[in-house]
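Q: Fold the following.
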Amino acid sequence: MTRTVRSFDAVAFDHRRIDLENYDDVYIVGDVHGCLEDLETLLSVLDLGDRDLAVFVGDLVRKGPDSKAVLDRIDASSKLLSVRGNNEQKLLDGQTSLPNFGECERRIMESFPTAISWADGLVVHGGVDPARTIGDHSREDVLTMRSPEGNGYDGPFWFEEYDGPPRIFFGHTVLNEPFESESAVGLDTGCVYGGSLTAYDIGRDRFVTVESEGYVNRSDDKIVATNRQ
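A: Numbering: from 1, shown residues only. Next comes the predicted model:
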């Protein structure tokens, strides 16, 4: 099923529009989850110039040790943007809490749009249902989507069936290595669980990764093998 998506103006969730022509290099970065050291290592490898941009897929916070510092790092630079992840939403909704999170941190998280889009690309945290148009999704849908039949790790996963357009860059579903197809790019490679922090270089069509020692254990059945049959 192929859908033609030329505008995101009618979507039910808030999004920010960018023009890739305004930048030299654009990178999309996976879930950081409070791993400040890994974030700084990746940013040093990317070596962003004045006309470069890194867009994060959300879940900058929780699970790792330095959520507040990661938020502050993103907020301090015009070269760094992020969409909102389900973990930011949980904090905003009062479903969970973190030490030393106050009005400043709330302001930063509230400033994150649910999606960032350009002519033929879309960054969201979770994903979409391949059977629906982009405009038929709620904010909750794109924050938490893993499988159209549920949010667990049983599959089938939305990105295995989605055929675009637009090409969607996402996190949320932990992968043993980055996922790439013509229509979707998955970037949560389990940084906080001892995997890696991954960025996708749009202009060069390549992945850039830095390894992480990890801070939290995760069972193998909640890490998706991207080459699974």
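Q: Give the burial count for Arg84, as a bare number.
A: 26 (other Cβ atoms under 10 Å). Heads up, the C-betas are built off the backbone N, CA and C, glycines and all.
Q: top helix in this protein by residue count?
A: Counting by DSSP state H, the longest helix found in the chain is helix 36-46.
Q: What residues of that helix count as buried?
A: 36, 38-39, 42-43, 46 (16 or more other Cβ atoms under 10 Å).
Q: just checking, what packs against the helix or strand just after that helix?
A: Counting by DSSP states H and E, the next helix or strand C-terminal to helix 36-46 is strand 52-56. On a contact count with 3 or more Cβ pairs under 8 Å, 6 or more residues apart in numbering; DSSP states H and E, strand 52-56 meets strand 25-29, helix 36-46, strand 80-82.
Q: Just send these back as CSV, with distance to Ser181 too.
A: Formatted as CSV, the helices and strands packed on strand 52-56 follow (distance: least, Cβ to Cβ, whole Å):
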stretch, distance to Ser181
strand 25-29, 15
helix 36-46, 23
strand 80-82, 23
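Q: Which among those is found nearest to Phe207?
A: Closest of these to Phe207 is strand 25-29, at 9.9 Å (criterion: Cβ to Cβ).
Q: Quick one: residues in contact with that closest one.
A: With Cβ atoms under 8 Å, 6 or more residues apart in numbering as the test, strand 25-29 has contacts from 20, 42, 46, 48-49, 51-57, 123, 169, 185, 187, 197-203, 208.
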